[in-house]
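In: The sequence and its predicted three-dimensional model are supplied below.
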Amino acid sequence: MGEPRGNQSFAPPTFLLTGIPGLEATSLWLSVPFCLLYAVALVGNSAVVLVVVKDRSLHKPMYFFLSMLAISELGVSLSTLPTVLNVFLFYAREIGRDACFAQMFFIHCFSIMDSGVLWAMALDRFVAIYNPLQYAAILTHSRIVLIGLGIAVRSVLLLLPLPVLLRRLPFCRSKVLAHPYCLHPNLIRLPCADTRVNSVYGLFVLLSTFGLDALFIILSYTMIVKTVLSIASKEGRLRALNTCVSHICAVVVYYTPMMGVSMVYRFGRHASPVLHALMAHLYLLVPPVLNPIIYSIKTKEIFKAFERLFFPKKF
């Protein structure tokens with residue numbers, strides 16, 4: 001019989017989270033901007049959901065989709081908040097295996113929901129511009145609910161196998177993660193076994209969600225531009241395009257950091273750990289912080305609804 005493999009065991013009871021490498025001594029100070037960013041994200045997205053629910057003038061497909069986007073971004077923020085604050089405020093780096101896998105599931109699940117809602121919002125803008133007279137008849141409340149449920153079910157079903165696939169692997173090397181939260185690309189670097197199944201399935205999830213959503217968004221805007229160019233008056237073209245500005249900004253804010261993270265993980269293995277950490281923070285924090293601000297500034301109906309809700313004496 002061979003020598004017992006005492007140096008190999010399945011997933012350790014804990015993983016070690018990391019803040020920003022090389023800046024551990026300033027982690028307490030770094031917690032200040034992180035706390036502010038999380039406060040803006042939580043308050044901003046909660047306010048968007050509240051104002052859409054309370055203001056009957058916003059009970060339209062566009063704003064229902066916006067509230068779905070805010071809910072998914074609240075999910076992303078709340079999934080990362082506990083461990084980020086623990087690492088930066090209390091330098092509490094340990095996280096249990098099951099807690100880590102659960103956090104990974106929720107982070108990626110809500111991120112995929114974000115992507116799906118952005119596609120649904122692109123569809124909403126296409127219908128509004130291509131067939132405005134039938135807009136309310138096409139995007140009924142029941143269809144919006146079905147689209148929202150479809151986005152949520154797709155995210156959950158596609159993400160469920162990831163923790164299962166990870167649990168079968170032996171983690172006998174390092175148990176140090178590169179971020180203050182658990183991400184699948186980071187976790188599959190740690191096992192001392194063949195991770196091709198995990199990598200292939202992770203790529204399948206990436207292409208079948210973010211990839212397809214991005215393709216549908218591009219197709220939607222191709223049709224939107226074609227429709228807008230057929231409008232006779234310059235004012236009409238500008239008015240139609242202006243209804244898409246907020247959504248275009250949201251798409252750019254969401255997909256740019258995500259593409260940056262993917263590029264760094266796949267092609268920047270020798271890049272500085274600081275770059276990996278900063279890109280991951282940008283990917284998970286920037287969209288929840290900026291999107292409520294973008295929609296509040298660029299969408300007059302949202303801005304006026306905020307005023308009616310929070311400053312009713314003016315009305």
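Out: Yep, that arrived.

In: Around Asp194, how many other residues sit close by?
Out: 9 (other Cβ atoms under 10 Å). (Glycine included, C-beta is placed from N, CA and C.)

In: Just the element for the residue nearest the centre of the chain, please.
Out: Centroid-nearest residue in the chain, with Cα atoms, centre = their mean: Ser111, separated by 3.1 Å. If you go by DSSP states H and E, Ser111 is part of helix 97-130.

In: quick one: buried residues of the helix or strand following that helix?
Out: The first helix or strand that comes after helix 97-130 along the chain, using DSSP H and E, is helix 135-138. Judged by neighbour count using 16 or more other Cβ atoms under 10 Å, the buried positions of helix 135-138 are Tyr135.

In: Next, the angle from the helix or strand hosting Leu149 to helix 97-130.
Out: Taking DSSP H and E as the criterion, Leu149 maps to helix 141-159. Using axes from the mean of the first three to the mean of the last three Cα atoms, to 10 degrees, the inter-axis angle of helix 141-159 relative to helix 97-130 is 140 degrees.

In: related to what we said a few turns ago, mean confidence score for the helix holding Ser111?
Out: What helix 97-130 shows for mean pLDDT is 94.

In: again, but for stretch 54-74
Out: 92.

In: and it, which residues are buried?
Out: Buried residues in stretch 54-74 (16+ other Cβ under 10 Å): 55, 58, 60-74.

In: Do you have the helices of the stretch 151-300 of the chain handy? List them.
Out: Counting by DSSP state H, counting those that start in this stretch, the stretch 151-300 of the chain has helices at residues 161-167, 184-187, 196-206, 212-229, 234-242, 245-267, 273-298, 300-310.

In: and for the second one, what are the contacting residues?
Out: Judged by Cβ atoms under 8 Å, 6 or more residues apart in numbering, the contacts made with helix 184-187 from elsewhere in the structure are Cys100, Phe101, Met104, His108, Leu162, Leu166, Leu177, Ala178, His179, Asn198, Gly202, Tyr265.

In: surely the third one meets Ile188?
Out: No. Distance between Met104 and Ile188: 10.3 Å, which falls outside the contact criterion (Cβ atoms under 8 Å).

In: how close does Pro132 sit to Asp124?
Out: From Pro132 over to Asp124 the distance is 12 Å, taken as Cβ to Cβ, to the nearest Å.

In: try Leu275
Out: The gap separating Leu275 from Asp124 is 36 Å, by Cβ to Cβ.

In: ditto for Asn45
Out: 19 Å.

In: what do you get for Gly116?
Out: Applying Cβ to Cβ to Gly116 and Asp124 gives a distance of 13 Å.
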